[in-house]
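Trainee: Sequence plus the predicted model coming up.
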Amino acid sequence: MGRVEGSLVVCGQCGLAHRWQPLLEASQARCTRCDAVLARAHRLSIEGILALTLAAAAAYLVAISSPLMSLSLRGGAETATLPQAISIAWQNDQQLIAILAGITALLAPAAFIGLRLYVLIPLAAGNKAPGFAWCVRALHQAARWNMVEVFTVGVLLSLVRLAGLADTSPEPGLFALGAMTALFAAIESAGLKHLWWHVQ
Amino acid sequence: MSTEGDEGTGVYLGCESCGLVSHDVTGDDPTLVQHCSRCGHVLHATKPFSLQRTWACIVAAAVLYVPANTLPVMETTSALQHDEHTLLGGIHELWLDGSWGLAIIVFIASIAVPVLKIAVLALLAWTVRFNPDWRRLERARLYRLIETVGHWSMLDVYVVVLLAATVRFGPLASVSTGAGLLSFAAVVVLTLLATWSFDPRLIWRDPPAPPNPPDGRRLA
């Protein structure tokens, strides 16, 4: 399933209308005026995206429940999970920072995965979930606020910065974050607009 | 891919949410609101109040950039001393420690990206109004660049939050967040909002025809 040949597609970056022509495999269509990518060929199937999203959901559960890194200094040891790091920021009277980190590293990824599953599971069976249009709009927002990849690099950077001070080691949560980053990139490459092509 | 004749912009509206293309039926009447016939999302030829919102966020971000850089973002306590670290100070320490790679990464994420965003958005918003014909393609590419790299400036916020969460050994060694971190986080969020407020379609809009009333009428 895909776009109908000869239908119109408008460049989201500059607003120019184009006539749609089928793409060669692994190629991409660019706007003739502003050079922005209009569409990519070789999209994932609904089942393919669903499988990636399920894998991302598993990685997310590991990432928020296990420690990201541990630090030991003269016999004492500290580990931190993502929710712990946020609650410590809250307790240190940095509520706004805690809210921002909570939205970008915890809530937006959860919405990114949860809303996709809610929309994709019925869609794989050919059904449209109630509130489909609202969910797709919310998914656009979730993708904007999701900063899992930045957070992952943040954990790596913290590990390196602490290496001179004490014994540090990466923990399972960090690997789960790395897996999430890769899965999110693969899921996002399919975009969101194509979801509508599968709705009757 | 062929361009749709000379009709180009304005006649067709593409839905930002589902991609369906509709005819623009509002004309130039700003009081009418058109919704996508498939998904119900609001359709705009350009985002309403795009430039006003962009300028408001840029100015606020530029003002907060001062405390973000002068106040400490992180405070460290060790057995011997209590230190306060500003953004640039932290980068300088990394550089002195010999972690040049890290210093460069943090410099790009915390200093270069926010400054680049504020400067580029100010340039884009200014040229839309006063120099619309100037290097449109390059301006469109600049916008896409800051849209892509924008959220990386959150890096230092995460690092300080993580350090404060793991280095908790009381008077022996501990890290806590500083007052500047909130200003810096606000700069990051405001520059993101400014980027999303700016409508890149404005770059391609033709300048409004110069007001040229028939002779004498203006004076009358």
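Mentor: Perfect, I can see it now.

Trainee: Now do the phi/psi pair for the residue of chain A found nearest chain B.
Mentor: Closest approach between chain A and chain B, counting by CB to the nearest CB: residue A:10, at 2.7 Å. In this view, the C-beta of every residue, glycine as well, is placed from N, C-alpha and C. Note on residue A:10: its backbone torsions stand at phi -100, psi 130 [degrees, to the nearest 10].

Trainee: what's the nearest residue to it if we skip its chain neighbours?
Mentor: The shortest distance from residue A:10 to any non-neighbouring residue, by CB to CB, 6 or more residues apart in numbering or on different chains, is to residue B:14 (2.7 Å).

Trainee: tell me the phi and psi of the one you found?
Mentor: According to degrees, to the nearest 10, residue B:14 has phi -90, psi 130.

Trainee: tell me the contacts of it?
Mentor: A:9-12, A:15, A:17, B:20-21 (CB atoms under 8 Å, 6 or more residues apart in numbering or on different chains).

Trainee: would you list every one of the strands in chain B?
Mentor: Ranges of strands within chain B are B:2-3, B:12-14, B:21-23, B:34-35, B:42-43, B:74-78, B:82-85, B:168-169, B:173-177, based on DSSP state E.

Trainee: what does chain A give?
Mentor: Under DSSP E, chain A gives strands at A:8-10, A:17-19, A:28-30, A:37-40, A:69-73, A:76-80, A:167-170.

Trainee: Just tell me which of the ones you listed ends up closest to residue B:71.
Mentor: For residue B:71, the closest of the strands of chain A is strand A:76-80, at 24.8 Å, according to CB to CB.

Trainee: name the helices or strands packed onto that closest one?
Mentor: Applying 3 or more CB pairs under 8 Å, 6 or more residues apart in numbering or on different chains; DSSP states H and E, one finds that strand A:76-80 makes contact with strand A:69-73, helix B:155-166, strand B:168-169.

Trainee: okay, the ones you listed, which one's buried deepest?
Mentor: helix B:155-166 (a mean of 26; mean count of other CB atoms under 10 Å in any protein chain shown).

Trainee: domain parsing for the chain?
Mentor: Assuming you mean chain A. A:1-42, A:45-198 (automatic domain parsing).

Trainee: my bad, the chain I had in mind was chain B
Mentor: According to automatic domain parsing, the domains of chain B span B:8-45, B:49-204.

Trainee: TSV please, covering these and showing mean pLDDT.
Mentor: Listed next are the domains of chain B as TSV, based on pLDDT from 0 to 100:
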stretch	mean pLDDT
domain B:8-45	81
domain B:49-204	90
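
Trainee: Identify whichever of the ones you listed lies nearest to residue A:97.
Mentor: Using CB to CB, the domains of chain B put domain B:49-204 closest to residue A:97, at 5.7 Å.

Trainee: Need the distance between the two termini of that closest one.
Mentor: Using CA to CA, to the nearest Å, the end-to-end distance of domain B:49-204 comes to 17 Å.

Trainee: from the chain's centre, how far out does it sit?
Mentor: Relative to its parent chain, domain B:49-204 has a centroid offset of 10 Å by CA atoms, centre = their mean, to the nearest Å.

Trainee: same thing with stretch A:163-176?
Mentor: 23 Å.

Trainee: Rounded mean pLDDT for it, please.
Mentor: In this model, stretch A:163-176 has an average pLDDT of 87.

Trainee: Quick one: end-to-end distance for that stretch.
Mentor: 21 Å.

Trainee: picking that back up, dump the helices and strands packed on strand A:76-80 to JSON lines, plus distance to residue B:41.
Mentor: JSON lines is the format used below for the helices and strands packed on strand A:76-80 (distance: least, CB to CB, whole Å):
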{"stretch": "strand A:69-73", "distance to residue B:41": "41"}
{"stretch": "helix B:155-166", "distance to residue B:41": "32"}
{"stretch": "strand B:168-169", "distance to residue B:41": "46"}
